[in-house]
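Novice: structure for the following, please:
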Amino acid sequence: MLRPGFLFLLTASVSLSLVCVTFTSPVQGAQTSSKKKSSASSSKSKGKGKTPTSTDAKKKTESTPAPAPAPAPVAPPALPNEEDKPVPVPPLPSQKLQLHKWSGALNVPDPVAVTVDPQGRVYVTQTTRRKVGDLDIREHTQWIPNDVAMESIEQKKAFYHDVLAPGKTLRPRGSLKDHNKDGSIDWKDLTVHTERIYRLEDTDKDGTADKITLFAEGFNTEVTGIAAGILYHDGWVYCTIAPDLWRLRDTNDDGVADEREVVAHGFGHHIAYAGHDMHGLTVGPDGRIYWTIGDKGVNVLTKEGKRVAKPHEGCVLRCEPDGKNFEIFAHGLRNVQEIAFDEHGNLFGVDNDADKTGEKERFVYITEGSDSGWRCTYQYMKGWIPWMDEGLWKPRFAGQPEYITPPLAQGHDGPAGFVFNPGTALAAPWRQGFFGNQFPSGKMNVFRVAPSGASFTVTQDATVNSGVMGIGMSWGPEGKLYLADWMGGYPLDELGAIWTVDDPTGTDSTERQETLTRLREGFSNPEAVEPLAYLGHADQRVRLAAQFEIVKRGEFARLEEVAKNANQPRLARIHALWGLGQGMRAGKVERGSVEGLITALAEDKDLEVRAQLAKVVGDSQNDSSFGAKLLSLLKDRSPRVRFQAAVALGKLQVKEATPELLAQLALNADKDAYLRHALVSGLTGCATTGELAATATHESRSVRLGAVLALRRRADGAVSAFLEDKDAAVATEAARAIHDDESIPAKLPELAASLDSKRVVPDAFTRRVLNANFRIGDTAGAERVVSYALREDAALPVRNEALTLLTLWCTPPPLDRADGRARTLEARDEKAIADVLRPHLDQLMALKDTGLKTLAIQILIAYKLPVEANVAAAAVMEGSAPAETRIGALQLLATQHGGSAELGKTLTALVEGKAQPQAQAQARGKTKTQAQTQPQAQTPETLRIAALEILAREKPEVAIEQAGKLLTSGSTLEKQKCLALLAELKMDAADVVLTREMEQLVAGKCPPSRQLDVLEAVLARSADVAVLKEKLDAFEATRAGAVGTVGAYLECLEGGSSVEGKDIALEHLAANCTACHRFDSKEGSTVGPQLSGIGAQKDRTYLLESLVNPVAQIAPGYGMVSVTLKDGKSYAGVVVKEDAENVELKLADGSVKKIDIAEVTVKTPPISVMPPMSAMLTKRQLRDLVAYLAGLKSGGGSLGSKKVAVKETETGEHEVAEEGKREGGDGKDPGAASSKKEATGKKKKQG
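Specialist: I've put the predicted structure just below:
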């Protein structure tokens, strides 16, 4: 599901207070094309003829007679016809929502998604495959390039059969194990575990479930994902289990599915992150099935034989209930779990963030054809990342890329379930609200939105419930909200529950009881009830049920009458239009009726009627002549109507709409991003290439920009005409269109050639131009790139990128540096590229910036561009240069002059820590005598280590001797590196030294800061050296009982690098620490505790234990539990206090409940969603992370301020030194650290 690998010293925080936030997002948005989820369009039936209801509603429901055949609709108040002002919504009530463990004593194993059928029976999916059969790329990072390259399920299957062929994998890795116990770890182990669907019932109608039945299983191929979405609709249970959307039916009502079929196939070809699955099933107001998929990719061959694909994006998908007319509704999302339609068919959700430092989740308004900007390829990028550096994740701001529809506001950590109150659920004050839960924190929030132009503004965000780590949600027919509780965090433990959330003040309301009756009885009996009378009902589910029944009967003339009748309630007219839209798509509405509808409603006084008219006609799949009648709506007073009209005209390809679409772009002037999206959608379908290209000389920047965006959507090469646009933003969008995604390959040379221009353009433009040259790979491109790198007027980070590309020119990485895609590039002629670079040799060596200079040296090494030995040696011994540059020069000297006297002399000087006067004098233009009078600078430890490694290749015996000396006198880092080097040499003399070190460890005399290094070095040689194996086995036997506890990791307490530890905390892919924590800045998440002062609060043993065994230390206020009492009551909350007699829980309403332990029958252990870090980090990484955390003191982190380090003496004692970054010894040379940062450009943070 969400964020499966957190650095989580404790567990998610649980705030019970009501917090309301009003957003003033600058974004103006657009509208979608479908209507709200029938949230309680729930699960499938089970109990033979039984119709359980909630306890609270039971008596009243059973005694209430059936309603009259045609009761007056209970319609919510309509919006004013011409001014789209929101109906005043009552404030949220002071009383809290109540939680009830509906599954009672039943265990619901590892539940993910939930749905409730009209009879109140609950269907829930169980995952057994998460990470076990459906792998997580974070446990197999060596596959990332292969995974990014995949574009079909067939490729994924072939890849597994190759890399996981029997005999290739010798030991378990992560959750990949020999699950079938056949003695081989291979792809067949991926077929062992099956996803399951259960049906739960409350047969005695006491308000708690008492029966659970296995509804379906057998979803377990090697490419099967997890069952993450479920929906009961019209007798079928739909379930998303990649690579398929299934539907199942129980024809004999025994609780077991006896029919199943694949509705659509071709989803989830990436391994990617666990939890980025298909989910969010809901029925749209247009009668289609809608659902979401995370960024695992879509590649579907439809039932009509059309290929539909977005291989690297998360999407919202839709099709008819039988699978026909499959299409991608929206794309560019990352991992929206569940989605919901409001009463007017607008679609919303909350998208999970990419766990990159500083980034947040996003509350998104999802419109037809929209691109939210995310590509799965961004996940694995380092350094410059479009998602972060171009601000794609942020609400709209000046300078943001224009091709996206930006989010409305930031969201909360770990969004999962998401529903819209259908109208009568809970109680009146909760209406017009979206409910979303956040699994990691166990919180539930209510959101409200208000119209803003063609889009919306988030006006309310309130925490209203807490204490249950809810995932999927669904409304019950009685008005309660059901949610799945995974219990126990991310690891699969076969435990779980279903809870209900309710407002007791509304339980017995007349509206809820009437809705329950109507949903339970339905409309299929034409003699019992008239569905037409319910099109304006107060509950969305009832309105939709009535609409769908009328469509089934084919009574479209009656729907037309309601739609045209201005005296009917607004919602009744809208549902009539949606029903007519269903008929139009099916070809069951006569052409004359459609024309009459347009004539009658194009000037209707109700803007929502006009908007929905445009929408259903555009969706009708009829010819463009219908669309021509919608032209007048492009000039409508309402931006919402203009939005729907523009989208409709584009879908119907109304050519004569082009001039007005262009005019509307100019009028909009880019003020409303969503309206622009709709106008671009219109142009994409209506305009010819010539018409779009002709706008290159248009005076309006907005018109030119709109044309570029339309050409991008069509992958039309005519977009290259805009590369020289006078507006840099327009030119940059043209560059994105040519370069990004599948690109426009024929236009890459034009993009590449634009590097010659001297005009000022954004970095986003230049990076794509540089990369276009790199992708082409010819000598002309290399000349452009080196010339740009030498331009002193260019931005330093981009010059840095230019030199980096040159170092990689003849050995391209598998993943693109500009957008992360897997690209296979043409082979390059190394000699020809060297000839291009040779004339620039002097300029490259003369570069002043240390980062650029270091890259220049790497270029000389890569292309074997000759440098005289004394010149290279002088650069090595230049004491004022940063260590990083000097190391590069040393590598150049060793590469080009291996075995030379100059190299030998330089290595001796460096390893022994002496200066080389002659080289220094030559480097500075001084005589040898003058140089000898200068003070001798100490050799930086990183340079001395590099010299020792080269010496080991040149003269291994001398290197062993020097290593032995450094083990006595060197810094901690030098001692650690020496131990690793001795193991690598595999020589008897080196093994003697390692034996001595191991003896010191066994005797308890080895300093803590290098114990891990001794153990790793000895382990590396133990297979070949019997005495080392004997000593290692004896040592490990002394702690055999400590497996899985901190006792097995004591060598990780000291000696780590706080620099590397910070990098792990902020950027490690699997650990994903910033998904839950903040460290020494405001960046990160608040799901878990803030750790900026953890080093002052806790000792190293506590920190290490929290990493390797998170459940051992859960602080008060962070451990969520649920308890069941002898009387059957259940409570969930955060442990405030606990002793032998009582446990005090802080409940969802903020109150504290004191519970007698003697009355407790079941109490779950405190939950930590953090998995053991020992499962995803090496011991070396754990040691570094402990070093970083231990250095986090109150008032700031361990970096950026003067820090006390410890230097190890010969006796193993410690003395204080400043500026140290590695514990227990000398720090890295400050110059080395700064030069590394410069050499890699401005490093961006990645979670």
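
Novice: show me the domain layout of the protein.
Specialist: 96-132+192-489+503-510, 745-865, 867-954, 1120-1163 (automatic domain parsing).

Novice: among the ones you listed, which comes closest to Ile1094?
Specialist: domain 96-132+192-489+503-510 (17.6 Å; C-beta to C-beta). In short, each C-beta sits where N, CA and C put it, glycine included.

Novice: start and end of that closest one, how far apart?
Specialist: 21 Å (C-alpha to C-alpha, to the nearest Å).

Novice: and what of stretch 264-282?
Specialist: Termini of stretch 264-282 sit 15 Å apart (C-alpha to C-alpha).

Novice: equivalent analysis for stretch 1046-1060, please.
Specialist: End-to-end distance (C-alpha to C-alpha), stretch 1046-1060: 21 Å.

Novice: quick check: which ranges of the stretch 1101-1247 of the chain have low pLDDT?
Specialist: Applying pLDDT under 70 to the stretch 1101-1247 of the chain picks out residues 1111-1119, 1148-1150, 1165-1169, 1194-1247.

Novice: for it, which segments count as helices?
Specialist: Per DSSP state H, counting those that start in this stretch, the stretch 1101-1247 of the chain carries helices over the ranges 1179-1190, 1230-1239.

Novice: out of the domains of the chain, flag the one nearest Ala1017.
Specialist: Nearest of those (C-beta to C-beta): domain 867-954, 13.9 Å.

Novice: and that closest one, how far out from the chain's middle?
Specialist: Domain 867-954 has its C-alpha centroid displaced from the chain centroid by 47 Å (C-alpha atoms, centre = their mean, to the nearest Å).

Novice: so for it, mean pLDDT?
Specialist: For domain 867-954, mean pLDDT is 78.

Novice: same thing with stretch 236-255?
Specialist: For stretch 236-255, the per-residue pLDDT averages 98.

Novice: ranking the domains of the chain by burial, who's on top?
Specialist: domain 96-132+192-489+503-510 (a mean of 23; mean count of other C-beta atoms under 10 Å).

Novice: chain center to that domain, what's the gap?
Specialist: With C-alpha atoms, centre = their mean, you get 15 Å for domain 96-132+192-489+503-510.

Novice: need the domains of the chain in JSON lines (columns: distance to Leu683).
Specialist: Converted to JSON lines, the domains of the chain look like this (distance: least, C-beta to C-beta, whole Å):
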{"stretch": "domain 96-132+192-489+503-510", "distance to Leu683": "12"}
{"stretch": "domain 745-865", "distance to Leu683": "19"}
{"stretch": "domain 867-954", "distance to Leu683": "51"}
{"stretch": "domain 1120-1163", "distance to Leu683": "50"}
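
Novice: and the ones you listed: which comes nearest Thr684?
Specialist: Nearest to Thr684, of the domains of the chain and by C-beta to C-beta, is domain 96-132+192-489+503-510 at 8.2 Å.

Novice: can you pull the pLDDT of the residue nearest the centre of the chain?
Specialist: Nearest to the mean C-alpha position of the chain, by C-alpha atoms, centre = their mean, lies Ala354 at 3.5 Å. Ala354 carries a pLDDT value of 93.

Novice: what's near enough to touch it?
Specialist: 334, 374, 378-379, 387, 393, 1247 (C-beta atoms under 8 Å, 6 or more residues apart in numbering).

Novice: mind checking which of these are in helices?
Specialist: In helices, judged by DSSP state H, the following of these are found: Trp387.

Novice: quick one: which of the contacts of Ala354 is nearest Asp740?
Specialist: Using C-beta to C-beta, these come closest to Asp740 at Tyr378, 11.0 Å.

Novice: how far away is the nearest residue to that closest one once chain neighbours are set aside from Val283?
Specialist: Distance criterion C-beta to C-beta, 6 or more residues apart in numbering; nearest residue to Tyr378, sequence neighbours excluded, is Trp387 at 4.3 Å. Going from Trp387 to Val283 by C-beta to C-beta, to the nearest Å gives 32 Å.

Novice: cool, Asp1024 as well?
Specialist: Distance from Asp1024 to Val283, counting by C-beta to C-beta: 66 Å.

Novice: and for Ala227?
Specialist: 19 Å.

Novice: check Val419 too.
Specialist: Counting by C-beta to C-beta, the gap from Val419 to Val283 is 13 Å.

Novice: what about the strands in the stretch 1001-1150 of the chain?
Specialist: 1120-1125, 1130-1138, 1142-1146 (DSSP state E, counting those that start in this stretch).

Novice: swap in the stretch 351-500 of the chain?
Specialist: Under the criterion DSSP E, counting those that start in this stretch, strands of the stretch 351-500 of the chain are mapped to 362-366, 409-410, 415-420, 434-438, 443-452, 455-466, 470-475, 481-485, 497-502.

Novice: can I get those strands in JSON lines with mean pLDDT?
Specialist: Putting those into JSON lines (pLDDT from 0 to 100) gives the following:
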{"stretch": "strand 362-366", "mean pLDDT": "98"}
{"stretch": "strand 409-410", "mean pLDDT": "96"}
{"stretch": "strand 415-420", "mean pLDDT": "96"}
{"stretch": "strand 434-438", "mean pLDDT": "95"}
{"stretch": "strand 443-452", "mean pLDDT": "94"}
{"stretch": "strand 455-466", "mean pLDDT": "92"}
{"stretch": "strand 470-475", "mean pLDDT": "96"}
{"stretch": "strand 481-485", "mean pLDDT": "96"}
{"stretch": "strand 497-502", "mean pLDDT": "96"}
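
Novice: closest one to Lys296 among the ones you listed?
Specialist: Among those, strand 415-420 sits nearest to Lys296 (C-beta to C-beta), with 17.2 Å.

Novice: which other residues reach that closest one?
Specialist: Under C-beta under 8 Å, 6+ apart, the answer for strand 415-420 is 1-2, 36-37, 39, 280, 337-343, 348-352, 361, 433-439, 470-475, 481, 483-484, 540.

Novice: how about a cut-off of 7 Å?
Specialist: 1-2, 36-37, 39, 337-342, 349-350, 352, 361, 434-439, 470-475, 483 (C-beta atoms under 7 Å, 6 or more residues apart in numbering).

Novice: equivalent analysis for stretch 1137-1144, please.
Specialist: 1135-1136, 1152-1157.
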